[in-house]
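S.K.: pasting the structure only:
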């Protein structure tokens, strides 16, 4: 599901994956849109995420789009104009709801790094498509990434992928101790690809196993703000 909150100054999009291991928030300020107008009460609603994805499936050919809320009919109207002159119109019935929130604080995380999206995307692309989770181990001089599979540990498979970033390759790098966190990479790959497509840098904030891994992106002209919160595995020795 895609949760939408329309405020006088911005639109906020939120979503939680089916396994409840990844939560994403995208804030689009009024400056992101050529025209942004909110009349009446703040709207809070949800629609099926796959419906929204289907509408913008070929976003690269769009020249213009418009979103209108008809609160009386709970109707969300999308009007799209393609570069070839074709016009498309979609209507989705939405459901009013409370705001979906996740409790996390990146400011409390003692470990953080910042880099452009392309190196991170290249790093994630090194892992086979069957890899669902990776372990990131931080030292004072590098960030090491290694494929993780509980089945491999039990059955003794020898296929493993490892890659790393030296501290000099990162725009900013701060780490306390030598923490290791394990998390899913499917949603991270998607966010990294999106950030790369709009030339947006990414930062990540983490603490210890079991605490959320937080990835953040902020466009250079403050036109977009994104947070991706991933659950991490508990330390089995704890």
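M.R.: Good, I have the coordinates. Keep in mind that what you see is a predicted model, and the values were worked out from it rather than measured.
S.K.: From what I see, residue 133 and residue 146 are in contact.
M.R.: No. With contact defined as Cβ atoms under 8 Å, residue 133 does not reach residue 146; the gap is 10.1 Å. Any C-beta I mention is one placed from the backbone N, CA and C, and that applies to glycine too.
S.K.: buried set for stretch 116-130?
M.R.: If you call a residue buried by 16 or more other Cβ atoms under 10 Å, then stretch 116-130 has these buried ones: 117, 120-121, 123-124, 127.
S.K.: can I get the residues you listed in CSV with pLDDT?
M.R.: Formatted as CSV, those follow (pLDDT from 0 to 100):
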residue, pLDDT
117, 88
120, 89
121, 90
123, 89
124, 89
127, 90
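S.K.: how about those residues, which pair is most distant?
M.R.: With Cβ to Cβ as the measure, no two of those lie farther apart than 117 and 127, at 16.4 Å.
S.K.: quick revisit: in helices, which of the buried residues of stretch 116-130 fall?
M.R.: Counted as lying in helices by DSSP state H, out of the buried residues of stretch 116-130, are 117, 120-121, 123-124.
S.K.: I'd like the residues you listed as JSON lines, with distance to residue 161 appended.
M.R.: Below are those laid out as JSON lines (distance: Cβ to Cβ, whole Å):
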{"residue": "117", "distance to residue 161": "20"}
{"residue": "120", "distance to residue 161": "15"}
{"residue": "121", "distance to residue 161": "15"}
{"residue": "123", "distance to residue 161": "10"}
{"residue": "124", "distance to residue 161": "11"}
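S.K.: of the residues you listed, closest to residue 87?
M.R.: Among these, and counting by Cβ to Cβ, the member closest to residue 87 is residue 117, at 32.8 Å.
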